[in-house]
Every structure is written in structure tokens, then in C-alpha cells.
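Peer 1: quick one: sequence plus predicted model below, questions after.
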Amino acid sequence: MNVVPDVSSQRQIDAPADSLAAYTTLRLGGRPGTLTVAAETDLAVATVRNAADQGRPVLVLAGGSNVVIGDAGFAGEVLLLRTRGIEVVDSRAERVVVRVAAGEVWDDFVEYAVTSGWSGIEFLSGIPGSAGATPIQNVGAYGSEVADTIVAVHAYDREHDTVRAMSPAECAFAYRSSVFKHSDRYLVLHVDFRLAVSAESAPIRYAELARSLGAEAGDRVPLRQARDTVRKLREQKGMVLDPDDRDTWSVGSFFTNPVVSAELWATLGLEHAPHWPGEDGSVKIPAAWLIEHAGFPKGFAGEGVAISTKHTLALTNRGAGTTTALLDLARTIRAGVVATFGIELHPEPVLVNCEF
């Protein structure tokens, strides 16, 4: 373990006149207390350490793509992580290990990997946010998740004031979750990915993607074709950021797909619904299907907010929305799904100074 050196100088910015909405994909959230922009790892660590010494809470933002911030904002220290760097730390004929700074834009790294002929993350193309956020959420899409390729997460441990490399087991990856998600103990600094040296994609696991590629499950396709197809699919669903498209003013999927026990599944009478087998006989049900069949179609609107017109799982800010209105809409949907199916939906994003 390496003890992090003290860094005395910080770049601090007075709370902006607008709000933290400028730093989130939802474009929602109130004002910060203090804002620090960290382009260096040492500065990021020092900011967190100094705030702890002063008894001030810290909110770390990078891409702001998986966070819902309350209308009252965040009164403590907001750290904007803007570190950059992509480095090959181990290279062999069949694979590479690539270390990526937490502040790197995730989709830029995916493009870099595809261009370099590295396979393993191409199905995660078009996902907004930073590389450092991906292990927190164990980001996944189209049958792939980052836990498939992560070999280490380098994080600052606030309890012991050290930087440590955490193994996948220590990260406790699970479906859209990890040890990092609901704890402020760790600040992710770098992530190591093991990628195959190959011009072809990983095996295709997702039926919709296979159909779009004209392939079968288990097939491989050229990396560029895989990336371009995934981005096109995501664009059609409003899941690729576009400042001119309000359907993309979201956190992506607001709800996780519920996983129910085999016993509960047998009582639901939903054999006609799309579903997938999970571990220990459990069954995963698409939240989008449940929402639609509970009476909430695409475009279903609240006050200044609405379900995306392109994707039922995305709750969007239409330009004049508030966090309060967004969460009211989410609660309405949750209650409707419970009333119709007896299944409770759970939010995927991190909620800051607000409750659902």
C-alpha cells in the first residue's frame, strides 16, 4: 500500500450561480457548497482528505450520468474528477491490461480500445459517464458488464488514508452494484481492464444485438461493427447523450430489472412475459415490460418530466423539470407496478440529498 502524499494547493471555485445541474446528464440538482476541479490524482485525494479533516461531506462527480441530486443541492464539497490517462501496464500476444484514469470519458476509452484492436468492452459503447464510475455501478448492457474485464480498481481508502489496488472479489461486484456504490469509504482513482487482443468482438450474448448484427448467440463480429451497432441501438432508445434531444436528459435506466425467486415467479402468472433465468433458479423480468403493462407508456408525463418517448426505463427532464417532480413520477410508476404485479422496482442511480 502507498500512503498518499499531502497536497496543499487546491483549485476551488465558488458555488456557481446556476446549480449542479450543469454537471449531471439529468440537468437537475441545486447548488454546491464548494466546488473543486481535480485534473490530478493527488489533488483529488487531497480534496477528499481535507474535507474529512474539516468534517465536511464530499460528493464526487465525473460524468454525472448515474446520479440524481436533490433540488436543495449539496452543501458540502463537490469534487469534479477530471483526471485523464490510458496506459498499457501489461502486454502479451493474446491480451493487454490497460490502466484508465477515473476521469476519462468512458465511451472515449471504448473507442480507443476498438481502434487499438482490444476486445471485451465494445458492447458497452455509447454509455455516458466516466471510466471510474463503471465499477461503482458495475455498468452493463447487451449481455456484458465491466466486471467481465476489470482485474483491479485502484482506490483511495479514506479509513486508512492509503491507495490500494482492489481485486474483483474485494470489489464485490453484483448486478448493477459493488462495494463502492453505497459507501463513501473509497475514491476510485484508476481502473485496470484486461482485454483480448483481437479484431473480433467477445461472443454475442444478447438476442436483440444478435438480430441487429444478423448473427447468432455466441458468434463474434468485427469490433467496429459491434461498436457501431450498439451505438445505433442506444441512439434509437435515446441512450446516447445529445444536448438537443430531451429524451437523453436522463440517467439512462432509472430502474433495475427485478430478480424474483423461483417460488414467487411461479405465483405471478407471467410466463408470457419476457424473462431470463438467474442464479439459483431466480428469474429476471424486464422492468420496461412491467412499467408499460402497468399503464405507463413511453412519453407518460409528470410536471416538467416524463418517461422518454424512446425508452420506457428512462425518466427524463423535459427542460423545466425538478428533482422533486422526477422522483414523484418514479414513485407513481413504482406504485403502479406494485399494484399491478406485486413487484417493487428499485432505482438504479445514486440518490444525493433526496429520497425515493
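Peer 2: Here it is on my side, so go on. Numbering: from 1, shown residues only.
Peer 1: where exactly do the strands run in the stretch 101-250 of the chain?
Peer 2: Taking DSSP state E, counting those that start in this stretch, the strands of the stretch 101-250 of the chain run over residues 118-119, 140-141, 144-145, 150-157, 162-166, 186-197.
Peer 1: low-confidence ranges, the protein, go.
Peer 2: Residues of the chain meeting the criterion pLDDT under 70: 1-18.
Peer 1: select the longest helix from it.
Peer 2: With secondary structure taken from DSSP state H, the chain has its longest helix at helix 323-341.
Peer 1: other residues contacting that helix?
Peer 2: Defining contact as CB atoms under 8 Å, 6 or more residues apart in numbering, one finds that helix 323-341 is touched by 26, 28-29, 68-71, 254-255, 268, 270, 290-291, 293-296, 300, 302-307, 315, 317, 343-345, 347, 354-356. In short, each C-beta sits where N, CA and C put it, glycine included.
Peer 1: one step back: between the strands of the stretch 101-250 of the chain, which gets nearest to residue 225?
Peer 2: Set against residue 225 and scored by CB to CB, those come closest in strand 118-119, at 12.2 Å.
Peer 1: from the contact counts, what lies against that closest one?
Peer 2: strand 186-197 (3 or more CB pairs under 8 Å, 6 or more residues apart in numbering; DSSP states H and E).
Peer 1: out of the contacts of helix 323-341, which are buried?
Peer 2: The neighbour count (16 or more other CB atoms under 10 Å) marks 26, 28-29, 68-71, 254-255, 270, 290-291, 294, 296, 300, 302, 304-307, 315, 317, 343, 345, 347, 354 as buried among these.
Peer 1: contact partners for residue 280?
Peer 2: Contacts of residue 280 by CB under 8 Å, 6+ apart are residue 262.
Peer 1: same question for residue 236.
Peer 2: residue 310.
Peer 1: same check, this time on residue 141
Peer 2: Contact analysis of residue 141 by CB under 8 Å, 6+ apart lists 123-124, 127, 230, 234.
Peer 1: can you add neighbour count and distance to residue 117 and give those back as TSV?
Peer 2: Shown next, in TSV, are these (neighbours: other CB atoms under 10 Å; distance: CB to CB, whole Å):
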residue	neighbour count	distance to residue 117
123	26	16
124	24	17
127	27	21
230	27	17
234	23	23
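Peer 1: residue 84: which of these is nearest?
Peer 2: residue 127 (18.3 Å).
Peer 1: OK, contacts around the closest one?
Peer 2: Applying CB under 8 Å, 6+ apart to residue 127 gives the contacts 65, 106-107, 110, 134, 139, 141, 234, 239, 252.
Peer 1: give me the phi and psi for it.
Peer 2: Main-chain torsions, residue 127, degrees, to the nearest 10: phi -80, psi 130.
Peer 1: out of the contacts of residue 127, which is most surrounded?
Peer 2: When neighbours are counted by other CB atoms under 10 Å, residue 134 leads the contacts of residue 127 with 30 neighbours.
Peer 1: quick one: that residue from residue 308, how far?
Peer 2: 22 Å (CB to CB, to the nearest Å).
Peer 1: any chance you could map the helices in this protein?
Peer 2: Using DSSP H, helices in the chain cover 41-53, 106-116, 134-137, 168-171, 207-213, 223-236, 262-268, 287-293, 323-341.
Peer 1: for those, which one ends up most surrounded?
Peer 2: helix 134-137 (a mean of 26; mean count of other CB atoms under 10 Å).
Peer 1: contacts for it?
Peer 2: Residues outside helix 134-137 that contact it (CB under 8 Å, 6+ apart): 66, 106, 124, 127, 146-147, 150, 153, 171, 173, 176-178, 180-181, 188, 191, 348, 350.
Peer 1: do stretch 215-227 as well
Peer 2: Against stretch 215-227 from outside (CB under 8 Å, 6+ apart): 110-111, 114, 117, 119, 122-123, 125, 198-205, 207, 210, 213.
Peer 1: ok, stretch 304-315 next?
Peer 2: 236-239, 247, 250-255, 287-288, 291-292, 296-301, 316-322, 325-326, 329-330, 333.
Peer 1: and with 6 Å instead?
Peer 2: With contact meaning CB atoms under 6 Å, 6 or more residues apart in numbering, stretch 304-315 is reached by 237-238, 247, 250, 253-254, 287-288, 291-292, 298-300, 316-318, 320-321, 325-326, 329.
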